[in-house]
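Novice: Quick one: sequence and predicted model below, then my questions.
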2 protein chains.
Amino acid sequence: MAKVRVASYAVSLDGFGAGPDQSLENPLGVGGPELFAWFFPTRTFQEMHGGEGGDTGVDDEFARRGFENVGAWILGRNMFGPVRGPWPDESWRGWWGEEPPYRVPTFVLTHHPRAPLAMKGGTEFFFVTDGIRAALDRAREAAGGRDVRIGGGASTIRQYAEARLIDELHLAVSPVLLGRGEPLFQGLDWRALGYECVRHVAGEKAAAHVVLRRTTP
Amino acid sequence: MAKVRVASYAVSLDGFGAGPDQSLENPLGVGGPELFAWFFPTRTFQEMHGGEGGDTGVDDEFARRGFENVGAWILGRNMFGPVRGPWPDESWRGWWGEEPPYRVPTFVLTHHPRAPLAMKGGTEFFFVTDGIRAALDRAREAAGGRDVRIGGGASTIRQYAEARLIDELHLAVSPVLLGRGEPLFQGLDWRALGYECVRHVAGEKAAAHVVLRRTTP
């Protein structure tokens, strides 16, 4: 059965999914890239960005599985870009250049309407203004029986978790202190929401991979 | 040089050092024992409690090192027991029976004076009512050049970290969601306090061991 899942989502020891002060220069917030020390060297990441080689192993397996059987993505608006408020124009086309790594319909949560945006390689961005459930309905339909992956950021994941709409999360706990940033867990009782850790594996580089699953409805 | 350190302190994925609702029945709070799945099977823990055997390896090495060269301990009052407010009498003698595992002078932070309490095996509890710095001064003096170990709980560790008085922390990040409990990181900017992760090792059982050190004064 198709799942709604989060994958390859890195969190710091102190529970942040991104650093503070996101900007054009710091898409992951200040210090954010430190969370991805496990991800950048993988073959999956290297191939996504047109590179060759890259490491295989546990880290790469988790990275690769994150993309398998995904029929649609959902992203929070800040994961799509640094623009806040109404779109001043259509010039911002995402952080990823003309060929984003999604390659399927990708639904961006926003309060501000905007026309769909077709990119190279199969990614088409749709801007959804009527809430997380509407976005999930559209993503499920677009996914045609495959999984829906919720890309992030932390606020988007929290909203879906709180609504008990996420089936599974793969988190990469990174040995980094960010101090400030976007909290994933804080103030949300994940245990009461029905989640538990069903798997944990040490990666090669740095991260501890954990899989959380909603085991009570 | 003698250090002030925290060791074998377990935290959940969602950042709690103990579960909620500590009581006589739940010294570690509800769900708290799940944090110690890595610790209970170690030879160090088994020997502490008069058992034989127990596992050796990474988990045990961290557990063992936590006790090496320790000349004094500091505990928060809730780590000493479930009694709140003024001591009604002297009947509460700690969670550990007549022979606690500390075996050196152990300073308990409290707002309520109480006479020192000598136990079997070398542990003597001293009740300190004039604050964390006074407790540390007394612990340092008692330790005679050896390390001072801050046992916990979370609130005690946070107070010492915020005062930049902890040199090093070994945390065991456990693949468990507690949902609620005693937060270690939340609301405290550990990075700004000068801490960074200097080491990370996967344990055999479940925990990811990380060592945080204060690298900027």
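Specialist: Perfect, I can see it now.

Novice: what's the spacing between residue A:143 and chain B?
Specialist: Applying Cβ to the nearest Cβ, to the nearest Å, the value for residue A:143 to chain B is 27 Å. Every residue, glycine included, has its C-beta placed from N, CA and C.

Novice: got it, and residue A:171?
Specialist: 7 Å.

Novice: ok, now which ones touch the residue most central in space within chain A?
Specialist: Closest to where the C-alpha atoms of chain A average out (Cα atoms, centre = their mean) is residue A:151, at 2.0 Å. Residues near residue A:151 by Cβ atoms under 8 Å, 6 or more residues apart in numbering or on different chains: A:6, A:73-76, A:79.

Novice: now it, nearest residue through space, not along the chain?
Specialist: residue A:75 (4.6 Å; Cβ to Cβ, 6 or more residues apart in numbering or on different chains).

Novice: Surely the one you found is within a helix?
Specialist: No. Per DSSP: H, G, I helix; E, B strand; the rest coil, residue A:75 lies outside any helix segment and is strand.

Novice: sorry, back to before: looking at pLDDT only, which of the contacts of residue A:151 scores worst?
Specialist: Least confident entry in these, by pLDDT: residue A:79, with 94.

Novice: what helices or strands is the helix or strand where it lies leaning on?
Specialist: Residue A:79 belongs to helix A:77-80 when assigned by DSSP states H and E. Helix A:77-80 sits against strand A:105-109, with contacts defined as 3 or more Cβ pairs under 8 Å, 6 or more residues apart in numbering or on different chains; DSSP states H and E.

Novice: and for the strand it packs on, what are the contacting residues?
Specialist: A:71-77, A:79-80, A:100, A:123-128, A:131-132, A:135, A:138-139, A:142-143, A:156.

Novice: Could you turn the buried ones of the residues you listed into a ChimeraX selection?
Specialist: Buried residues among the contacts of strand A:105-109 (16 or more other Cβ atoms under 10 Å in any protein chain shown), as a ChimeraX selection:
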select /A:71,72,73,74,75,76,77,79,80,100,123,124,125,126,127,128,132,135,138,139,142,143,156
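
Novice: quick revisit: for the residue nearest to the centre of chain A, helix, strand, or coil?
Specialist: Per three-state DSSP, residue A:151 ends up strand.

Novice: Contacts only, for the residue nearest to residue A:151.
Specialist: By Cβ under 8 Å, 6+ apart, the contact list for residue A:75 reads A:106-109, A:150-152, A:156.

Novice: and with 7 Å instead?
Specialist: By Cβ atoms under 7 Å, 6 or more residues apart in numbering or on different chains, the contact set of residue A:75 is A:106, A:108, A:151-152.

Novice: Just put these in JSON lines and tack on distance to residue A:172 and pLDDT.
Specialist: Formatted as JSON lines, these follow (distance: Cβ to Cβ, whole Å; pLDDT from 0 to 100):
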{"residue": "A:106", "distance to residue A:172": "21", "pLDDT": "98"}
{"residue": "A:108", "distance to residue A:172": "23", "pLDDT": "98"}
{"residue": "A:151", "distance to residue A:172": "14", "pLDDT": "97"}
{"residue": "A:152", "distance to residue A:172": "12", "pLDDT": "94"}
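
Novice: so which of those residues would you say is closest to residue B:195?
Specialist: Using Cβ to Cβ, residue A:152 comes nearest to residue B:195 of those, at 25.5 Å.

Novice: Excluding chain neighbours, what is closest to that closest one?
Specialist: residue A:79 is the one closest to residue A:152 (Cβ to Cβ, 6+ apart), at 5.2 Å.

Novice: same deal with residue A:166?
Specialist: Nearest to residue A:166 is residue A:160, by Cβ to Cβ, 6+ apart, at 5.0 Å.

Novice: what separates the closest residue to residue A:116 other than its chain neighbours from residue B:60, distance-wise?
Specialist: Once flanking residues are discounted, residue A:116 sits nearest to residue A:126: 5.0 Å by Cβ to Cβ, 6+ apart. Residue A:126 sits 53 Å away from residue B:60, going by Cβ to Cβ, to the nearest Å.

Novice: ok, residues contacting the worst-scoring helix or strand of chain A on mean pLDDT?
Specialist: Least confident helix or strand of chain A, by mean pLDDT, DSSP states H and E, is helix A:43-48 with a mean of 93. Contacts of helix A:43-48 with the rest of the structure, by Cβ under 7 Å, 6+ apart, involve A:39, A:52-56, A:60, A:63-64, A:101.

Novice: Narrow those residues to those that are buried.
Specialist: A:39, A:54-55, A:60, A:63-64, A:101.

Novice: Go through these and say which is closest to residue B:178.
Specialist: Distance to residue B:178 across the buried ones among the contacts of helix A:43-48 (Cβ to Cβ) is lowest for residue A:39, with 26.9 Å.

Novice: Let me know whether the closest one touches residue A:8 as I believe.
Specialist: Yes. Using Cβ atoms under 7 Å, residue A:39 makes contact with residue A:8 at a distance of 6.3 Å.

Novice: Give me the common contacts of the two.
Specialist: residue A:63.

Novice: roughly how far apart are the nearest residue to residue A:146 once chain neighbours are set aside and chain B?
Specialist: Of all residues not flanking residue A:146 in the chain, residue A:71 sits nearest, at 3.0 Å (Cβ to Cβ, 6+ apart). In this view, residue A:71 and chain B are 28 Å apart by Cβ to the nearest Cβ.

Novice: ok but residue A:71 is inside a strand, no?
Specialist: Yes. Assessed by three-state DSSP, residue A:71 belongs to a strand.

Novice: buried sites along stretch A:40-47?
Specialist: Those would be A:41-47, for stretch A:40-47 by 16+ other Cβ under 10 Å.
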